[in-house]
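Asks: this is the structure alone, sequence omitted:
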């Protein structure tokens, strides 16, 4: 799973040098507006399948509307070509339809070297280009518009992941090989800015609608007012050696219902990656065995699900940067099994033992916190960019009842 998602675009674009500063200018709290401009970009969520968060967007001239899945791991924009084909049982091209028609855009420039290119080696073939990109705000005056945004266009997406309602990927990842063409790198270069911040506030699904509000991207700053229980951010430096998980931070500890969980070998720092693409918290099996095994809960190896009683609440906490962050107990399970009182947990085990050192904190964790992704020019990193993450706990009632959006089926 890890390689098929994050290796996909790890070498998409060429790198370029950035002028540097060595001190990260961290945002002030609780409200910070960067260069004076902050755009509140609305996220939407499709209430089926995996609860995909997407950013309503437009690409090209005239603009072609696209819903792009939010990812912290992918370093750029990925869209399917309007003629995209797929030979896999999961027809990603059909799900992504209608795709992007590059020939219909007067501002598209093909930047591919040679006749074709392969995105990530084996997962999608296609070509590269630049075009005008628009992230849609609540009004035209609140749109984020950037010319010459690099993108990858897939003509064959046999190995590309997709979620319902998505027509591509909006990636906030960084990579040593492609900084200048990533979304965040392009924003730094188009200022030019010394630093830039994106605040991420994910909301819970509303299953009374097929699509609903998914939260907000605070593009250009941080706005904790009304979103955070403490009004403060805990800042952590990102481990930039984790090229496949570009927003990885040290995980100090975990506890479940008041019991401390052993994380790997003593003295070994465990890294946790942040990725809203997954509606799950995915942990090493040695960790999930401690969480679920002590409770006598059942595991399905064929479906890779742990099953928990729907009418019970469990408290799972993560200590990061010396601060404890609680998963909302109502977000510990996602759906009930037909004719039973059991629910599927949002906490998964890795099936591949080679991933035993990987902790992936997906949408259930990110819904419980306000997240700030902060990038700055740095002469100390290989790609000319430094990264820090800020987290702030949202109000979580650890004695609350299971959420009403836990669905059946």
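Replies: Nice, I can see it. All figures in this text were calculated on a predicted structure; none of them were measured in a lab.
Asks: so what's residue 348 up against?
Replies: 280, 281, 282, 283, 288, 304, 305, 306 (CB atoms under 8 Å, 6 or more residues apart in numbering). Any C-beta I mention is one placed from the backbone N, CA and C, and that applies to glycine too.
Asks: just residue 369 next, same as before
Replies: Neighbours of residue 369 in contact, by CB under 8 Å, 6+ apart: 325, 391, 392, 393, 394.
Asks: how about 10 Å then?
Replies: 200-202, 227-229, 233-234, 274, 318, 320, 325-327, 361, 390-394, 396 (CB atoms under 10 Å, 6 or more residues apart in numbering).
Asks: which helix is the longest one in this protein?
Replies: helix 183-189 (DSSP state H).
Asks: after it, next one along is what?
Replies: strand 195-202 (DSSP states H and E).
Asks: what are the ranges of the strands in the stretch 301-409 of the chain?
Replies: 305-309, 316-320, 323-326, 333-336, 342-345, 347-349, 358-361, 369-377, 385-393, 407-408 (DSSP state E, counting those that start in this stretch).
Asks: what residue of the chain is the furthest out?
Replies: Distance to the chain centre peaks in the chain at residue 339, reaching 33.6 Å (criterion: CA atoms, centre = their mean).
Asks: report the buried residues of stretch 37-55.
Replies: 38-47, 50-55 (16 or more other CB atoms under 10 Å).
Asks: and the average pLDDT for that stretch is what?
Replies: For stretch 37-55, mean pLDDT is 83.
Asks: off-centre distance for stretch 234-252?
Replies: Here stretch 234-252 shows a centroid-to-chain-centroid distance of 14 Å under the convention CA atoms, centre = their mean, to the nearest Å.
Asks: ends of that stretch, how far apart?
Replies: 13 Å (CA to CA, to the nearest Å).
Asks: ok, for residue 391, nearest residue in space, not its chain neighbours?
Replies: residue 369 (4.9 Å; CB to CB, 6 or more residues apart in numbering).
Asks: ok, back up a step: out of the buried residues of stretch 37-55, which are inside strands?
Replies: 39, 40, 41, 42, 43, 44, 45, 46, 52, 53, 54, 55 (DSSP state E).
Asks: what distance do you get for residue 59 to residue 139?
Replies: 19 Å (CB to CB, to the nearest Å).
Asks: so which of the contacts of residue 348 sits lowest on pLDDT?
Replies: Lowest pLDDT among the contacts of residue 348: residue 304, 76.
Asks: surely that one meets residue 347?
Replies: No: here residue 304 lies out of contact with residue 347, judged by CB atoms under 10 Å, at a distance of 11.2 Å.
Asks: more neighbours: those two, which one.
Replies: Set residue 304 next to residue 347 and count neighbours by other CB atoms under 10 Å: residue 347 wins out with 25 against 15.
Asks: could you report the pLDDT at that one?
Replies: pLDDT, read off for residue 347, is 92.
Asks: ends of stretch 327-338, what's the gap?
Replies: Termini of stretch 327-338 sit 26 Å apart (CA to CA).
Asks: what's the distance between that stretch and the middle of its chain?
Replies: With CA atoms, centre = their mean, you get 20 Å for stretch 327-338.
Asks: flag every buried residue along it.
Replies: For stretch 327-338, by 16+ other CB under 10 Å, it's 327, 328, 329, 330, 331, 332, 333, 334, 336.
Asks: for those residues, give me CSV that also has distance to residue 311 and pLDDT.
Replies: Shown next, in CSV, are the buried residues of stretch 327-338 (distance: CB to CB, whole Å; pLDDT from 0 to 100):
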residue, distance to residue 311, pLDDT
327, 18, 93
328, 16, 90
329, 12, 87
330, 12, 84
331, 15, 87
332, 12, 88
333, 10, 83
334, 15, 75
336, 10, 68
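Asks: and the two most separated of those?
Replies: Spatially, the most separated pair among these is 327 and 336, at 18.8 Å (CB to CB).
Asks: of all the strands of the stretch 301-409 of the chain, which one is nearest residue 208?
Replies: Of all those, strand 407-408 comes closest under CB to CB, at 10.9 Å.
Asks: thought residue 215 was touching residue 204?
Replies: Yes: using CB under 10 Å, residue 215 makes contact with residue 204 at a distance of 9.0 Å.
Asks: give the buried residues for stretch 285-295.
Replies: Buried-residue list, stretch 285-295, by 16+ other CB under 10 Å: 285, 286, 287, 288, 290, 291, 292.
Asks: could you do stretch 375-388 as well?
Replies: Buried residues in stretch 375-388 (16+ other CB under 10 Å): 375, 376, 377, 378, 381, 383, 384, 385, 386, 387, 388.
Asks: flag the shaky bits of the stretch 101-250 of the chain, pLDDT-wise.
Replies: For the stretch 101-250 of the chain, the stretches with pLDDT under 70 are 113-124, 157-165, 175-180, 242-244.
Asks: what separation is there between the closest residue to residue 238 other than its chain neighbours and residue 277?
Replies: Using CB to CB, 6+ apart and skipping residues adjacent in sequence, the residue nearest residue 238 is residue 387, 3.9 Å away. Using CB to CB, residue 387 is found at 18 Å from residue 277.
Asks: okay, residue 337: pLDDT?
Replies: 69.
Asks: among the contacts of residue 369, which ones are buried?
Replies: Once neighbours are counted (16+ other CB under 10 Å), the buried part of these comes down to 200-202, 227-228, 233-234, 274, 318, 320, 325-327, 361, 390-394, 396.
Asks: residue 78 reaches residue 59, doesn't it?
Replies: No: when contacts are counted by CB under 10 Å, residue 78 is not listed as touching residue 59 (11.3 Å).
Asks: mutual contacts of these two, please.
Replies: Joint contacts of residue 78 and residue 59 (CB under 10 Å, 6+ apart) are 68, 151, 153, 168.
Asks: I'd say the last one and residue 65 touch.
Replies: No: no contact is recorded between residue 168 and residue 65 when judged using CB under 10 Å, the distance being 11.2 Å.
Asks: the more surrounded of the two?
Replies: Just comparing residue 168 and residue 65: by other CB under 10 Å the higher neighbour count belongs to residue 168, 27 against 12.
Asks: what distance do you get for that one to residue 153?
Replies: 9 Å.
Asks: can you list residues touching both of those two?
Replies: 59, 77, 78, 79, 80, 99, 100.
Asks: tabulate the ones in strands among the buried residues of stretch 37-55 (a markdown table), appending distance to residue 313.
Replies: Below are those laid out as a markdown table (distance: CB to CB, whole Å):
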| residue | distance to residue 313 |
| --- | --- |
| 39 | 37 |
| 40 | 33 |
| 41 | 33 |
| 42 | 31 |
| 43 | 27 |
| 44 | 29 |
| 45 | 23 |
| 46 | 27 |
| 52 | 26 |
| 53 | 25 |
| 54 | 30 |
| 55 | 32 |
